[in-house]
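>>> Attaching a predicted model along with its sequence, questions to come.
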Amino acid sequence: MTATLVLGGARSGKSRFAESLVIASGLDRHYIATGRAWDDEMQARIAQHRADRGPSWTTHEEPLDLVGKLAAIDSEGRIVLIDCLTLWVTNLMMEERDMTAEFTALADFLPDAKARLVFVSNEVGLGIVPDNRMARDFRDHAGRLHQSIAAKAAEVYFIAAGLPLKMKG
Amino acid sequence: MTATLVLGGARSGKSRFAESLVIASGLDRHYIATGRAWDDEMQARIAQHRADRGPSWTTHEEPLDLVGKLAAIDSEGRIVLIDCLTLWVTNLMMEERDMTAEFTALADFLPDAKARLVFVSNEVGLGIVPDNRMARDFRDHAGRLHQSIAAKAAEVYFIAAGLPLKMKG
Amino acid sequence: MTATLVLGGARSGKSRFAESLVIASGLDRHYIATGRAWDDEMQARIAQHRADRGPSWTTHEEPLDLVGKLAAIDSEGRIVLIDCLTLWVTNLMMEERDMTAEFTALADFLPDAKARLVFVSNEVGLGIVPDNRMARDFRDHAGRLHQSIAAKAAEVYFIAAGLPLKMKG
């Protein structure tokens, strides 16, 4: 099945737009949360998102082995929302994983997926160059991953102020 | 009348584009400056903007009670440029106002406005997550406000390098 | 000949897209690198870019006198990729040059150029306002330069996730 990438800034409405794509598909809804609830602020956001989605979703939490989880639940008739890629990148960096290997594995999985996939991610590269090296590395990893997913995706959207701008598809 | 949202980055030409919409409308021109001249840098920017606009505008300064000011000058045949929403958000945060109440009041005002309204705002959510909590809260407030205004607006533009990209309308 | 501006974030694929325009043109390929290799990180990026381009390019390094270099190599049948404007701005600021004079000289050169020109630049104005004055000045300079080049350019692209969005042309 096809993959979709939904890119946007903080509080751009990207998750809500991605959820509307999932609901409109009529397929069996799965959700992979990549975020780890490190602190109260993060925990509150995750709980709010889950409450907003309602009970008609099967929710999975997978901070690191995204490809493994996608393979495990892959099935025709399903649509899987992955929210979000930037949190996955953060988790991989904290565990000092091989980013190139992880990104390649995900890109290689896409063409063979039976489920329809909708990836949400933060565009983080449009501000001033960050002072610290880790933030620069994070920007670079995120940008590379976005290019890699966008190249394989059937549809790519850029979201601002809750409005979608179709960049591919 | 209809509302327009003009979103863009720093020095993107968003104010100039919004002013061109106002001039093209042929309506009676009003300008609400939400910025407070805290320091020389800010004061210079405000003075420069006012000089660039010229004398054919009625200028109002309103850092906090934006909805009250809009209601007070609301009239058919007028067009009101509000520059900008992000400075209004900053001022509300400094005064510890109830952001949700303020944003709701503004969104509720839009459909009933007799004047045409043109809002200018900074897109600030496309860089790295800021280190400090206040900046993260500011991003969140701005993003939520943009979604709320965009949902009610007839036209939404995203400006880069002085060029408009129409996202709605 | 015409000028093209390719704007995008960090790791957005903007250089690769600009290179594809150059290759597709069929013209004699020149490349002006404005970056200075201050440290190993920067040096590695420059070397990687040069290796990616391959041997069919004539490469020039010009951190400051961009207009002089463009004039020196200007010729029909050539296409010149300038990568990137934001590094040029950084270099000019470090040397405390007159930014307005430099930007005006570049904008004035464009309509008379015999070669086709492709400018790459980073959009840096879509994050939170930076804490320090120099970063704010840099954002302002970059934004003004982008507006100035975009106004004279025949084509302007905004790149995200490797995908071009045509904003002009």
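Everything's here; your move.

>>> for chain A, where's the lowest mean pLDDT among helices and strands?
For chain A, counting by mean pLDDT, DSSP states H and E, helix A:40-53 ranks last in confidence among helices and strands (a mean of 82).

>>> Is there proximity between whichever helix in chain A runs longest and chain B?
When chain A is parsed with DSSP state H, its longest helix is helix A:133-152. Yes - using C-beta under 8 Å from any C-beta of the partner chain, helix A:133-152 comes into contact with chain B via A:135, A:138-139. Glycine gets a C-beta too; all of them are placed from N, C-alpha and C.

>>> Show me which of those residues is closest to B:G125.
Using C-beta to C-beta, the shortest approach to B:G125 within the residues of helix A:133-152 next to chain B belongs to A:R139, at 14.5 Å.

>>> In chain A, mark out all the strands, start to finish.
Per DSSP state E, chain A has strands spanning A:3-8, A:28-33, A:58-61, A:78-83, A:116-122, A:155-160, A:163-168. These are given in chain order.

>>> which other helices and strands contact the longest helix of chain A?
Contacts defined by 3 or more C-beta pairs under 8 Å, 6 or more residues apart in numbering or on different chains; DSSP states H and E place helix A:133-152 against strand A:3-8, helix A:85-94, helix A:99-109, strand A:116-122.

>>> most tightly surrounded among those?
Mean neighbour count (mean count of other C-beta atoms under 10 Å in any protein chain shown) peaks for strand A:3-8 among the helices and strands packed on helix A:133-152, with a mean of 28.

>>> So which residues make contact with that one?
Defining contact as C-beta atoms under 8 Å, 6 or more residues apart in numbering or on different chains, one finds that strand A:3-8 is touched by A:14, A:17-18, A:21, A:110, A:113, A:116-123, A:146, A:149-150, A:152-160, A:164, A:169, B:125, C:160-161.

>>> what angle sits between that strand and helix A:133-152?
140 degrees (axes from the mean of the first three to the mean of the last three C-alpha atoms, to 10 degrees).

>>> So which residues on chain A come close to chain C?
Checking chain A against chain C by C-beta under 8 Å from any C-beta, the hits are A:5, A:7, A:9, A:123-129, A:133, A:136, A:139-140, A:142-144, A:146-147, A:149-151, A:156, A:158, A:165, A:167-168.

>>> Now which of the residues you listed would you call buried?
A:5, A:7, A:9, A:123-129, A:136, A:139-140, A:142-144, A:146-147, A:149-151, A:156, A:158, A:165, A:167-168 (16 or more other C-beta atoms under 10 Å in any protein chain shown).

>>> How much space separates the residue of chain A most remote from its centre from C:I79?
In chain A, counting by C-alpha atoms, centre = their mean, A:D131 sits farthest out from the average C-alpha position, at 25.8 Å. To C:I79, A:D131 is 36 Å away according to C-beta to C-beta, to the nearest Å.

>>> Same question for A:I82.
The value you get for A:I82 to C:I79, if C-beta to C-beta is used, is 40 Å.

>>> what residues does chain A put near chain B?
By C-beta under 8 Å from any C-beta, the part of chain A that sits against chain B consists of A:8-13, A:41, A:123-128, A:130, A:135, A:138-139, A:160-163, A:165.

>>> And the strands of chain A, which one averages the lowest pLDDT?
Among the strands of chain A, strand A:58-61 has the lowest mean pLDDT, at a mean of 93.

>>> Partner strands of that one and their direction?
strand A:28-33 (parallel) (DSSP bridges).

>>> which residues sit against the strand it pairs with?
A:22-23, A:46, A:49-50, A:53, A:56-62, A:66, A:69-70, A:73, A:75, A:77-83, A:115.
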